[in-house]
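S.K.: No sequence on hand, only this structure:
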C-alpha cells in the first residue's frame, strides 16, 4: 500500500504564518526581548502585534520546493487559518490535495490515491515551536533570533532572517511595509532543502466558517493513521 506522506515544507510555512497569533508564551507570560537594534526592535514589535491582533487569515499562494538532488516542484492553491490551530490548504495545481487541521488532528487527502492520512497535530510537526505557533502561542523573541536580510528600502518589502533557536531550519520572510502582512517566505531545512512561498490576495480577520476546518473523508477513501513518530517529510512507503 502506498502512503501519501505529509510534506515538511508546507507545515513549516504554516508555522511562520502563525508566528504571532498570540504574543504570550504557553505559560501565559511574555517572552523576554532579545537585544537588537532600535530599528529591528520596532519591526519585530509591530510584526508581533499585527499577528497577535489577527484572528483569521486567507490568501492564495504559489510554492516552489527545491529538494537536494531532485528537480524543482511548483504548487499553487489557497490557504486559510483561524485561531487556534485551524488551517486549510487547498492545492489546485499541478495535482490536487487538501490538508486540514481542526486544531487537534491533521488530515491530508490525496484525490488521486483516494487516501486520507490523519495525524495528531502535535506529533505531525518536528518542533515544539512549530506546534506552539499553530496553536496560537508562538513568540518571535522566544523562538527565533532575528536580523534584517537586507536594509529596508522605501516601498520595498521588509526582509527578515529568522533563525530557530531550537535549530534545524532557517527562514527568510518578506513583509508588506504598510500592513506587515507576510508576502514571501523562504525556508531552508537542515538538509538544505528549500521551500519558497509567495502569498497574494491576503485578507486578515475575515469570517471563516468552522465548516472549513471540519474534515469528512470522501466515500470509499482509504484512511491511514500515521504513527506518532512519523515525521512530515518521511518517504512514501510501499507494501
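M.R.: Received the coordinates, thanks. Computed from a prediction, not measured in an experiment: that's the story for all the values here.

S.K.: Next one: residue 186 from residue 81, what distance?
M.R.: Per Cβ to Cβ, to the nearest Å, residue 186 is found 19 Å from residue 81. Using the backbone N, CA and C atoms, a C-beta is placed for each residue, glycine as well.

S.K.: let me redo that: residue 175
M.R.: 17 Å.

S.K.: The two - which one has more neighbours?
M.R.: More neighbours surround residue 81 than the other of residue 175 and residue 81, with 26 against 20 (other Cβ atoms under 10 Å).

S.K.: measure stretch 162-176 end to end?
M.R.: End-to-end distance for stretch 162-176, by Cα to Cα, to the nearest Å: 16 Å.

S.K.: Which parts of this protein are strands?
M.R.: 56-66, 73-82, 86-93, 97-102, 105-110, 115-120, 144-148, 158-164, 169-175, 182-189, 194-204, 222-225 (DSSP state E).

S.K.: Now render those strands as TSV, adding mean pLDDT and distance to residue 41.
M.R.: Output for the strands of the chain, formatted as TSV (pLDDT from 0 to 100; distance: least, Cβ to Cβ, whole Å):
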stretch	mean pLDDT	distance to residue 41
strand 56-66	91	24
strand 73-82	91	26
strand 86-93	89	29
strand 97-102	91	32
strand 105-110	90	35
strand 115-120	90	37
strand 144-148	86	10
strand 158-164	86	12
strand 169-175	84	15
strand 182-189	86	19
strand 194-204	91	23
strand 222-225	90	45
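
S.K.: Generate TSV for the ones you listed, with distance to residue 50 as supplementary columns.
M.R.: TSV is the format used below for the strands of the chain (distance: least, Cβ to Cβ, whole Å):
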stretch	distance to residue 50
strand 56-66	11
strand 73-82	14
strand 86-93	18
strand 97-102	22
strand 105-110	26
strand 115-120	30
strand 144-148	15
strand 158-164	12
strand 169-175	9
strand 182-189	9
strand 194-204	8
strand 222-225	37
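
S.K.: Residue 42: which of these is closest?
M.R.: Nearest to residue 42, of all the strands of the chain, is strand 158-164, at 10.6 Å by Cβ to Cβ.

S.K.: out of the strands of the chain, nearest to residue 37?
M.R.: strand 144-148 (8.5 Å).

S.K.: what comes up buried for the closest one?
M.R.: For strand 144-148, a neighbour-count test (16 or more other Cβ atoms under 10 Å) marks 144, 146 as buried.

S.K.: And stretch 183-192, by the same measure?
M.R.: Under the neighbour-count criterion of 16+ other Cβ under 10 Å, stretch 183-192 has 183, 185-189 buried.

S.K.: Adding distance to residue 63, write these out as a markdown table.
M.R.: Output for these, formatted as a markdown table (distance: Cβ to Cβ, whole Å):
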| residue | distance to residue 63 |
| --- | --- |
| 183 | 14 |
| 185 | 9 |
| 186 | 11 |
| 187 | 10 |
| 188 | 14 |
| 189 | 14 |
